[in-house]
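[1] Below is the sequence, then the predicted model.
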Amino acid sequence: MKKENSVFEFEGVKIKPSKSGTYNGCPFNCDVGTGYPIRKWKTEKGIKNHLKECCNTPTNVKVREEKTTAMANEEKKRIAELERKRADILKRIPQKVGDTIYHTYSHCVKPTHEWRGSRRVRVRYEAVYSYGWSEATIASIGFGAGTMIVFNENIAASAICATAEEAKKRSEEDQKEHDDWNKQCSSYR
Ligand SMILES: [Zn+2]
């Protein structure tokens with residue numbers, strides 16, 4: 001004899017089979033508006049399995065909301081912590097707006113790829129960079145990623161040198177290192 005599907009209760013909702021004995025449509029309407037046909041379950045076990053995973057049951061909705069809230073709180077905590085660290089760093093750095101700073105910089109003079117009409121073609125294995133140094137007046141002190149200080153919105157704290165002489169020396173060293181490395185790279189080919 002075929003086992004009859006019964007009426008049962010799930011999270012306060014009475015779930016009953018249709019006249020033909022199947023359970024038609026999720027009682028929590030999870031497939032409404034999805035564009036897919038309403039699902040049918042032949043057995044009580046089948047629909048119960050679905051209800052365990054259904055995104056619309058009160059329990060699962062609550063679990064999801066709790067997870068979202070927890071994640072938002074984590075994010076808030078992370079941002080607050082970052083703000084605290086940044087404020088702390090700003091208090092401790094020797095530079096202030098209006099100060100003169102010396103810094104190194106680099107820019108690409110020959111990229112690895114160039115446009116030939118509408119095609120981007122690889123023209124060399126390693127890009128060629130030019131290194132230099134400059135003097136600047138601090139107009140703003142901000143942050144890049146995380147706690148990395150950035151002066152005037154584009155000078156990284158790591159590029160700052162104590163004196164003009166030091167900046168000049170460091171940019172020359174950087175240039176030499178880059179040129180040597182580029183030469184070494186091309187000698188392998
Ligand atoms: Zn469902």
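    Cool, got the structure. Numbers count the residues shown, from 1 in each chain.
[2] When you work out contacts or count neighbours from here on, use the C-alpha atoms and nothing else.
    Will do.
[3] three-state assignment of residue 121?
    What DSSP: H, G, I helix; E, B strand; the rest coil gives for residue 121 is strand.
[4] now swap in the one 3 residues further on and tell me
    Secondary structure of residue 124, reduced to three states by three-state DSSP: coil.
[5] Now it, what are its backbone angles?
    phi -150, psi 160 (degrees, to the nearest 10).
[6] ok, now which ones touch the nearest residue to it once chain neighbours are set aside?
    Nearest-residue entry for residue 124: residue 112, 5.0 Å, with adjacent residues in sequence omitted and distances by Cα to Cα, 6 or more residues apart in numbering. Contacts for residue 112 (Cα atoms under 8 Å, 6 or more residues apart in numbering) come out as 122, 123, 124, 125, 126, 127.
[7] Run a quick neighbour tally on the closest residue to the first one other than its chain neighbours.
    Which is residue 122. If the residues on either side of it in the chain are set aside, residue 122 comes closest to residue 113, at 4.2 Å by Cα to Cα, 6+ apart. Residue 113: 15 surrounding residues under other Cα atoms under 10 Å.
[8] roughly how far apart are residue 113 and the ion?
    Per Cα to the ion, to the nearest Å, residue 113 is found 53 Å from the ion.
[9] Quick check: phi and psi on that residue?
    Residue torsions, per degrees, to the nearest 10, at residue 113 are phi -120, psi 140.
[10] per-residue confidence at it?
    The per-residue pLDDT reported for residue 113 equals 94.
[11] is it true that it touches residue 128?
    No: judged on Cα atoms under 8 Å, residue 113 makes no contact with residue 128 at a distance of 11.2 Å.
[12] circling back: OK, contacts around the residue nearest to residue 122?
    Applying Cα under 8 Å, 6+ apart, the residues contacting residue 113 are 120, 121, 122, 123, 124.
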